[in-house]
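Engineer: For reference, the sequence and a predicted model appear below.
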Amino acid sequence: MASYSLLPFNFRQLKDDSVLISNLSNIYHILPNQNDLKKLINNISDLDPESIKILERKLFISTTDDFEAKVQLTTSSFTKNIHKDLSSPRLIMIVPTLRCDHHCTYCQVSRVNQDVDGFDLPLSSIPSLIDFIRKIESPPYKIEFQGGEPLLAFEFIKEFYKQMQEAVFVDEFSFVIATSLSLINEDILMWCVGKNINFSTSIDAGKKAHNRHRKLITKDSFERTQKNIQRVDNKLGKGKIGTVTTVTHDGLSGFDELVDTHLALGLSEMFVRPVSSYGFAIPKQAKDITIDEFMAFYKKLIYRIMEENKKGIHIIEHFLFIHFKRLINAKDGMYVDLMAPAGYAKNSMLIDYTGNVFGSDEARMVYRKHGFEDLIIGNINEKNQVLDTTFSENMLVNSFNFDVPGCADCVYQGSCGSDPIYHLQEFGEPIGNKSNSRFCQLHKSVFDFVFELLKDDSNKSVMEGWL
Amino acid sequence: MNSPLRQDLFYNDSLKDIFGPVQILKRKDSDLGSMLPKIYINSIVDCGVDVVQFNDEMINQWTTHGDIGYADGKGKIRVALSQSANANTLLVTERCDNLCLFCSQPPRNVNDEILFAYAAQSIIAFNSKKVIGISGGEPLLTPNYIINFFTILNQFENKTPLHILSNGRAFSRKKFANDFHELNKERFVMVGVPLYGTTSKVHDRLVNSHGAWSETIAGLINAGNAGIEIELRIIPTQYNFSEISSIIELAASCFNHIASISIMNLEQTGWAKRNWSELYVEPESYQDELVKSCQMSKRFGIDISLFNYPLCHIPHEIHHHAKKSISDWKNVYTDTCDSCILKSNCGGFFSSVKDKWTHPEERIL
């Protein structure tokens, strides 16, 4: 019998005594028990022949003859995965105004009231904004308007579109407007017809939680959002709206209501994540919900979604889906929060209402809260728009999770990412202590949950059907 | 069995003493700057004294003006490149460093460098915008030949897209992979590389050459990194049918520029005939593996196609992966196929199957 050698791998004990292993090719395998793990490490030939065959095919072990080629295959896939994360496109975010009609409890940027002066990006800055975008990114340009409430700066968006259209081909850019939709009106809708413009809006878990946290003076944010989603659908057709759900303590029992709301509105996609602890959301909310609490909610939500899909109703939850895609080396598994090196600056760039440039939305939140000047990469209004990337590069260097304590030996290393800005905020430096990291706990929990789901073939079919 | 859909071999006394590639013409054509000898197969128009001109209804029927034929000097001519063919392929060498147990074109160790010259002349004269296949033997066996071949095509500013069938071993030399890519910046080139296993044990046995797998693996890594587009080919046999999906997972995870993956049912020709009982495995017995393999298409964003699988032998859910693929000169349908409603979408059978039935016919779909 051929003798086998081990290739490097990481492992993690799953709840049911089985052991998950992974390698640098980001290929996963489940060993039935700890005993098999010991055999794998101590004496491979003690494993049953079928396991040996599979482990050999998945680049965990190799015969002496093939060892060199297997190492080459491993390094090749490792670099391929890094290259995917390095070469994916960059999202450009623009904050045309910090003014907002809502004042959400978990607002991360400390928005300002609607009628305040001095929190808008002036129309006169559009030419330099477009110059800047064309300088840092190549088409197609993906542009997202953030706020505040971007629809309060609709004139800016309109004018920006017009000048963008003059600068580049019309099919070379697309817009997403992140909005509560509360201010949408006939003029705005008319203007959007026939344009490559989508909306990202918030629906929280249940009417109660939504209205309590997404505050309007009229206390009817939830009802307005629903009504306005239908308005957009009627005018612009289905598929123009993506939803984001922020889970707070008040929403923990709203999993069924959340799904029902989406189904009633004919929305087949959702994106659900816990309230984040950036910027101004920290004191009010972060400790409001633990990751364990979130996961308890999230599992119920996902089981409901699985059930719907098995009944033939197509509904995708993207937070889960992106974790699944990262685990199977799927082609479009690029997600700015799950990249190593991080997506910060490399795959996202934000220009705020002062013209300041940040490497991510989170960076401007942390800046606004702590005034940490290093986070400003440049300003579009400055002559030559020179960027100072020293700080950003340092962030990125420290976001390569392959050699970072707490990540290097994690079974999910090849699928997970890192978030230097979060760790900077929490720990004062970009790596942080992963055993106390909310980022780490959240993503690990979701990856664990994916494997829990995959034990059932019918769940696997649902997720594969989303591909 | 019926005869193939297109005939490609002809005989005419007037072709005696003509040897090598010729261009078949049906009318005077001053636009052709081709350096090949020309034969006119229509004697109505007088084309001059220095040309070969004769009437041949058969050749006329099966060719198009400007087609390329290879003449054997004894009156036989085989149409090598035809505008009316569904696929055109040129053989550039009969030598090979693999000796695949199922080789459809068993290699011969002969001096046949001249075939590269024929191929270059023919491609330049034919000047097609449609893909031409380059096969062997192993076309990349002598790196200099293929490098010269591209250089000549480039000198004539020929841009014909090429599909080259290679075992990929030559690319294990990184410089060759990079040079190869560099010479084809202006031309679409796809290289079809077979990978039969995730280990040397399986692959080397099937290609009957020790060390082949490691070189092919290194070659696929280098070629992909250089930017060469790869069509990965897998032929299920008794030795590897259970690891088809593992080969795909390995390839999609480790190699760059895998443009498509082809799973090809064994063709009963060449050496496959004598090794048939050792190699062939009925599609019905690895259906699940085929389904699993095809499902990886969406995951990796790579087209996965099934070739030479009559639809009646694979599950309905993967019918859309099956290609109507067999070159028309060797494609046949059985008499029972005539009553099948899927015939127009089905690849049918190889003419080489003849009366040796591989396995019983299934119900008519």
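Structural biologist: Yep, it's here.

Engineer: Show me which residues of the stretch 101-250 of chain B sit near chain A.
Structural biologist: Residues of the stretch 101-250 of chain B lying close to chain A by CB under 8 Å from any CB of the partner chain are B:198-201, B:213-214, B:217-218, B:221, B:224-225, B:243, B:246, B:249-250. For the C-beta atoms, the positions are set from N, CA and C on the backbone; glycine is no exception.

Engineer: among those residues, who's most crowded?
Structural biologist: In terms of neighbours by other CB atoms under 10 Å in any protein chain shown, those top out with B:I217 at 28 neighbours.

Engineer: who touches that one in this structure?
Structural biologist: B:I217 makes contact with A:69, A:72-73, B:195, according to CB atoms under 8 Å, 6 or more residues apart in numbering or on different chains.

Engineer: In a helix, it, correct?
Structural biologist: Yes: assessed by DSSP: H, G, I helix; E, B strand; the rest coil, B:I217 belongs to a helix.

Engineer: A:R212 belongs to a helix?
Structural biologist: Yes: counting by three-state DSSP, A:R212 is part of a helix.

Engineer: check contacts around it.
Structural biologist: A:R212 is in contact with A:105, A:250, counting by CB under 8 Å, 6+ apart.

Engineer: quick one on the thing from earlier: helices - which of the contacts of B:I217 land there?
Structural biologist: Counted as lying in helices by DSSP state H, out of the contacts of B:I217, are A:69, A:72-73.

Engineer: Farthest-apart pair in the contacts of B:I217, please.
Structural biologist: Farthest apart among those by CB to CB are A:Q72 and B:L195. That separation is 13.9 Å.

Engineer: And whichever strand or helix holds A:F78, what does it pack against?
Structural biologist: Assessed by DSSP states H and E, A:F78 sits inside helix A:67-87. Applying 3 or more CB pairs under 8 Å, 6 or more residues apart in numbering or on different chains; DSSP states H and E, one finds that helix A:67-87 makes contact with helix B:212-226, helix B:244-254.

Engineer: thinking again about what came up before, ok, A:Q72 and B:L195, which is more surrounded?
Structural biologist: Legend: neighbour count by other CB under 10 Å for A:Q72 and B:L195, higher for B:L195 (25 against 17).

Engineer: Enumerate every residue touching the more buried one.
Structural biologist: B:168, B:203, B:216-217, B:220, B:232-234, B:247, B:251.

Engineer: What subset of those residues is buried?
Structural biologist: Buried residues within the contacts of B:L195, counting neighbours by 16 or more other CB atoms under 10 Å in any protein chain shown: B:168, B:203, B:216-217, B:220, B:232-234, B:247, B:251.

Engineer: In CSV: the residues you listed, plus distance to A:R111 and pLDDT.
Structural biologist: CSV is the format used below for those (distance: CB to CB, whole Å; pLDDT from 0 to 100):
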residue, distance to A:R111, pLDDT
B:G168, 58, 97
B:H203, 61, 97
B:T216, 59, 98
B:I217, 56, 98
B:L220, 53, 98
B:L232, 53, 98
B:R233, 58, 98
B:I234, 57, 98
B:I247, 54, 98
B:A251, 50, 97
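
Engineer: Please identify which of those is nearest to B:K129.
Structural biologist: Among the buried ones among the contacts of B:L195, B:R233 lies closest to B:K129 (CB to CB), at 24.5 Å.

Engineer: Okay, the residue nearest to A:V170 when sequence neighbours are not counted and A:D16: tell me how far apart.
Structural biologist: Among residues not flanking A:V170 along the chain, A:N196 sits closest, at 7.9 Å (CB to CB, 6 or more residues apart in numbering or on different chains). From A:N196 across to A:D16, the span is 47 Å (CB to CB, to the nearest Å).

Engineer: Same drill for those two, tell me which one is more crowded.
Structural biologist: A:N196 (14 against 10).

Engineer: OK, contacts around that one?
Structural biologist: Listed by CB under 8 Å, 6+ apart, the contact partners of A:N196 are A:170-171, A:173-175.

Engineer: where along the stretch 351-467 of chain A do the strands fall?
Structural biologist: Along the stretch 351-467 of chain A, the stretches classed as strands by DSSP state E, counting those that start in this stretch are A:356-358, A:378-379.

Engineer: Ok, which of these comes nearest B:I164?
Structural biologist: Closest of the strands of the stretch 351-467 of chain A to B:I164 is strand A:356-358, at 47.4 Å (criterion: CB to CB).

Engineer: so what secondary structure elements neighbour that closest one?
Structural biologist: strand A:348-351, helix A:361-370, strand A:378-379.

Engineer: which residues touch it?
Structural biologist: A:132, A:349-352, A:364, A:367, A:375-380, A:387.

Engineer: rerun at 7 Å
Structural biologist: Residues outside strand A:356-358 that contact it (CB atoms under 7 Å, 6 or more residues apart in numbering or on different chains): A:349-352, A:364, A:367, A:375-380, A:387.

Engineer: Quick one: residues contacting A:T246.
Structural biologist: Going by CB under 7 Å, 6+ apart, A:T246 touches A:106, A:202, A:204, A:275.

Engineer: Give the pairing partners of the strand or helix carrying it; include direction for each.
Structural biologist: Using DSSP H and E, A:T246 sits within strand A:241-247. Strand pairing for strand A:241-247, using DSSP bridges, gives strand A:197-202 (parallel), strand A:272-274 (parallel).
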